[in-house]
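Q: just coords:
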């Protein structure tokens, strides 16, 4: 990008030099006699000057053509520069996305680890409840723990692109 910016600056300086050269050539051969001249008189004066000094007219036309060509190059370079900046920004966003995705992966793995531990603990509690329930009914006339049929724990899974949090029933 720095190289393109340097090329653009060089083109601008070349354009400026051509404009100064053109201004110097036209100052020496100023055809306008006054501010109050009619447009027709001004046109006629420029035409007369072009007829009287064709070499100057051709040189001025060459300078104008060169300026136009350099301006086209400047626009092309600026377009390339803008595209490069956009691509650089996208690359930066992609890098940020990858970094955040790694952090999310760590959290998802931790959730899955805790999910496994929680599922194990729920199974142990269910085993205790199954053992205690008959005696608890005999002493207190009610169940010790209820609701084991719908106990679930969160689990994160991925198909590679999309992550899904699901509830696994324990």
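A: Cool, got the structure. What you are looking at is a predicted structure, and each value in this text was computed from that prediction instead of being measured.
Q: okay, CA-based contacts and neighbour counts for the rest of this
A: Will do.
Q: Check the gap between residue 110 and residue 119 for me.
A: Going from residue 110 to residue 119 by Cα to Cα, to the nearest Å gives 14 Å.
Q: Would you mind pulling up the elements that whatever helix or strand residue 105 lives in packs against?
A: Assigned by DSSP states H and E, residue 105 belongs to helix 54-140. Helix 54-140 is packed against helix 2-28, strand 152-158, with contacts defined by 3 or more Cα pairs under 8 Å, 6 or more residues apart in numbering; DSSP states H and E.
Q: who touches the last one?
A: Just to be clear, that refers to strand 152-158. Strand 152-158 is contacted by residues 108-109, 111-112, 115, 118-119, 163-170 when judged by Cα atoms under 8 Å, 6 or more residues apart in numbering.
Q: if we can go back for a sec, between the helix holding residue 105 and helix 2-28, how big is the angle?
A: Here the directions of helix 54-140 and helix 2-28 differ by 150 degrees (axes from the mean of the first three to the mean of the last three Cα atoms, to 10 degrees).
Q: Quick one: distance of helix 54-140 to the chain centre.
A: Here helix 54-140 is found 11 Å from its chain centre; the criterion is Cα atoms, centre = their mean, to the nearest Å.
Q: Go through the helix or strand of the chain with the lowest mean pLDDT and flag the buried ones.
A: Lowest by mean pLDDT, DSSP states H and E among the helices and strands of the chain is helix 39-52, with a mean of 80. Across helix 39-52, burial judged by 16 or more other Cα atoms under 10 Å covers 42, 45-46, 49.
Q: which secondary structure elements does it contact?
A: Checking 3+ Cα pairs under 8 Å, 6+ apart, helix 39-52 ends up next to no helix or strand.
Q: and it with helix 54-140, angle?
A: Here helix 39-52 runs at an angle of 110 degrees relative to helix 54-140 (the same axes, to 10 degrees).
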